[in-house]
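J.: sequence first, then the predicted structure:
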Amino acid sequence: MSSDIKILVAEDDRAVSNLISTSLKAAGYRIITVYNGNEAVTGTASHSPDIILLDLGLPDIDGIEVIKKIRGWTETPIIVISARTDDPDKIEALDAGADDYLTKPFSVDELMARIRATLRRLVHLRNAAASDSVYENGPLRIDYSSGCVYLSGEEVHLTALEYKLLSLLARNTGKVLTHRYIIQNVWGSAWESDLGTLRVFMASLRKKLGENDGAPRFIATHIGIGYRMMRID
């Protein structure tokens, strides 16, 4: 499948760009290399890559703005590769629409693993499009048409907000959703004052999913950032 996958690499450091491109080509991926933000935007539009690898510190446009521009018209997965290691930088990139965040220096093996994980999510999303009314993840099943949730065949009774929270996480399986993003999409309000409320609802949701009773751990916590729905095999 690799030979059919196009990856756009937006990195102004030629040495890093060459390392990434050479490694990806060796793995059989097709590569488009660009060296600034404007080229990243136009390259995405003209080449329709399957994945975008994006450095935040581009010389003409900050990478956050590039993400926002691209997100204006496509959901192509964006993996940020950046020397910015602080949580606020990661949160800002994820809030802007990035799907994953890898900090420099990084290992080629980890980069490849992140790409494979992203491709698995793409395959799942494309398969799910044919049956968009039902979500299945291990023993968890959500019937969106009826608004019902089942765990190992037994109905789970959720409040309206718990259902909305679970659905948001499920529709973004494998993707880290920040506290701010979740609260804005579930409650429609500012996140600073409602973070405690989110934690309460998350604890209640996890209990109803049986995570405290030995059931699979569906929801991962990213401390200081947000939550992620895990794919259960």
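T.: Looks like it arrived, so ask away. Just so you know, these numbers come straight off a predicted model, no measurement behind them. Numbering: from 1, shown residues only.
J.: wasn't residue 181 part of a helix?
T.: Yes. Counting by DSSP: H, G, I helix; E, B strand; the rest coil, residue 181 is part of a helix.
J.: which residues touch the residue located most distally from the centre of the chain?
T.: Distance from the C-alpha centroid of the chain, by Cα atoms, centre = their mean, peaks at residue 154 (29.1 Å). Under the criterion of Cβ atoms under 8 Å, 6 or more residues apart in numbering, residue 154 has no contact partners. The way it works is simple: take the backbone N, C-alpha and C, and place the C-beta from them, glycine included.
J.: walk me through the domains of this protein.
T.: Per automatic domain parsing, the structural domains of the chain span 2-127, 131-229.
J.: in a markdown table, list the ones you listed along with mean pLDDT.
T.: Below are the domains of the chain laid out as a markdown table (pLDDT from 0 to 100):
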| stretch | mean pLDDT |
| --- | --- |
| domain 2-127 | 90 |
| domain 131-229 | 84 |
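J.: so the residue farthest from the centre of the chain bridges to which residues?
T.: With beta bridges defined as DSSP bridges, residue 154 has these partners: residue 151.
J.: how about the CA coordinates for the helix or strand where residue 228 lies, as CSV?
T.: For residue 228, the host element (DSSP states H and E) is strand 226-229. This file holds the C-alpha atoms of strand 226-229, laid out as CSV (Å, rounded to 0.1, in the frame of the first residue of the first chain):
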residue,chain,number,x,y,z
GLY,A,226,-6.9,16.4,26.7
TYR,A,227,-8.3,13.0,25.9
ARG,A,228,-8.1,10.4,23.2
MET,A,229,-10.4,7.5,22.2
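J.: which other helices and strands does it contact?
T.: helix 160-170, strand 177-178, helix 179-186, strand 219-222 (3 or more Cβ pairs under 8 Å, 6 or more residues apart in numbering; DSSP states H and E).
J.: quick one: contacts of that strand?
T.: Taking Cβ under 8 Å, 6+ apart as the rule, strand 226-229 contacts 91, 94, 137, 169-170, 172-182, 202, 218-222.
J.: tell me which strands and helices the longest helix that the chain contains is in contact with?
T.: Ordering each helix of the chain by length in residues (DSSP state H) puts helix 108-129 first. Applying 3+ Cβ pairs under 8 Å, 6+ apart, we find helix 108-129 packed against helix 14-26, strand 51-54, strand 78-82, strand 100-103.
J.: can I get these in TSV with mean neighbour count and distance to residue 194?
T.: Putting those into TSV (neighbours: other Cβ atoms under 10 Å; distance: least, Cβ to Cβ, whole Å) gives the following:
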stretch	mean neighbour count	distance to residue 194
helix 14-26	15	39
strand 51-54	26	30
strand 78-82	23	26
strand 100-103	18	24
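J.: distance to residue 186 added to these, as JSON lines?
T.: Shown next, in JSON lines, are the helices and strands packed on helix 108-129 (distance: least, Cβ to Cβ, whole Å):
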{"stretch": "helix 14-26", "distance to residue 186": "36"}
{"stretch": "strand 51-54", "distance to residue 186": "28"}
{"stretch": "strand 78-82", "distance to residue 186": "23"}
{"stretch": "strand 100-103", "distance to residue 186": "22"}
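J.: closest one to residue 196 among these?
T.: Among these, strand 100-103 comes nearest to residue 196, with 25.4 Å by Cβ to Cβ.
J.: kindly export the closest one (C-alpha atoms) in PDB.
T.: Written as PDB, here are the backbone C-alpha positions of strand 100-103 (Å, rounded to 0.1, in the frame of the first residue of the first chain):
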ATOM      1  CA  ASP A 100      -0.500  14.400  15.900                       C
ATOM      2  CA  TYR A 101       2.700  16.100  17.400                       C
ATOM      3  CA  LEU A 102       6.200  14.800  17.200                       C
ATOM      4  CA  THR A 103       9.000  16.700  18.900                       C
END
